[in-house]
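J.: A structural model of the following input is requested.
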Amino acid sequence: MDMRRLVGLNFARLRKEKGFTQERFAETSGFTQQYVSDLERGRRNPTVVTLFHLASPLGVTPADLLAEAELSETD
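T.: Predicted structure coming up:
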């Protein structure tokens, strides 16, 4: 799987699990809502430092954003 897509899917799943909307995450983290949206659609290629800054407000590790997830039949 493309790493940008993997990070985007993991980020979207974790963001929703933590109860964040894209807008609320943007307000909390300092990223723009557009960046969050692009990230979730696999249109961004975040740096290692960015992964750290994305993971911190979610209370997860950067590695959690890179972890291979089993895809459901709807993915």
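
J.: Let me see the ranges of the helices in the chain.
T.: Assigned by DSSP state H, the helices in the chain fall at 3-17, 22-29, 33-40, 48-58, 62-66.

J.: Mean neighbour count for those - can I get that in CSV?
T.: Just so you know, the C-beta spots here come from the backbone N, C-alpha and C atoms, and that holds for glycine as well. Shown next, in CSV, are the helices of the chain (neighbours: other CB atoms under 10 Å):
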stretch, mean neighbour count
helix 3-17, 17
helix 22-29, 16
helix 33-40, 17
helix 48-58, 15
helix 62-66, 16
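
J.: Return the residues in contact with the residue nearest the centre of the chain.
T.: The chain has residue 11 as the residue nearest its centroid, 2.2 Å off, counting by CA atoms, centre = their mean. Contacts for residue 11 (CB atoms under 8 Å, 6 or more residues apart in numbering) come out as 36, 39, 40, 54, 65.

J.: can I get the helices of the chain in a markdown table with mean pLDDT?
T.: Formatted as a markdown table, these follow (pLDDT from 0 to 100):
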| stretch | mean pLDDT |
| --- | --- |
| helix 3-17 | 97 |
| helix 22-29 | 97 |
| helix 33-40 | 98 |
| helix 48-58 | 98 |
| helix 62-66 | 97 |
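
J.: So residue 39 is in contact with residue 8, correct?
T.: Yes - between residue 39 and residue 8 a contact is recorded at 5.4 Å, counting by CB atoms under 8 Å.

J.: That's all I had, so thanks and see you.
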